[in-house]
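Student: Fold the following, please.
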Amino acid sequence: RQFRRLFDLVDRAAPPFIEELDYEFEASNQKEFAELISKCDLVSDTVQVPEVVRASREVLIQEWLPGKKLTEPGAAKDQAQQVVKVLLNSYMVQLLETGFL
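Tutor: I've put the predicted structure just below:
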């Protein structure tokens, strides 16, 4: 759909961005997502959702999960097929089972 005016575009796009900045709302979603993922056999043993330590409207503090970023050199090279499989499975579970993206 094309937007005739910039205001129409901003009016349509702004609410999801505002929700993303409400960290209490995000914490609630994160907790619900963690519960849903833990019940999904396909990804429950490979996907780890950090625990919410504290949340306010302006701040979200999460548990620290050790690991490497996929963008770090060599992080996924040796396990590329496994990483792709986990990422695709996780995305499809989020899209088709949990409704969270």
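Student: just for this protein, where's the confidence low?
Tutor: Along the chain, the parts satisfying pLDDT under 70 run over 1-3, 100-101.
Student: what about 90?
Tutor: In the prediction, the chain carries residues with pLDDT under 90 at positions 1-22, 29, 33, 36-37, 39-47, 57, 67-101.
Student: which residues in it form helices?
Tutor: Ranges of helices within the chain are 6-20, 23-38, 80-93, based on DSSP state H.
Student: buried stuff in the last one?
Tutor: So the one you mean is helix 80-93. Buried residues in helix 80-93, defined by neighbour count with 16 or more other Cβ atoms under 10 Å: 86, 90, 93. (Glycine included, C-beta is placed from N, CA and C.)
Student: Could you do the second one as well?
Tutor: Applying a neighbour-count criterion of 16+ other Cβ under 10 Å, one finds 23, 26-27, 30, 33, 36-37 buried in helix 23-38.
Student: That helix packs against which elements?
Tutor: Taking 3 or more Cβ pairs under 8 Å, 6 or more residues apart in numbering; DSSP states H and E as contact, the helices and strands that helix 23-38 lies on are helix 6-20, strand 52-55, strand 60-62.
Student: No further queries at this time; thank you.
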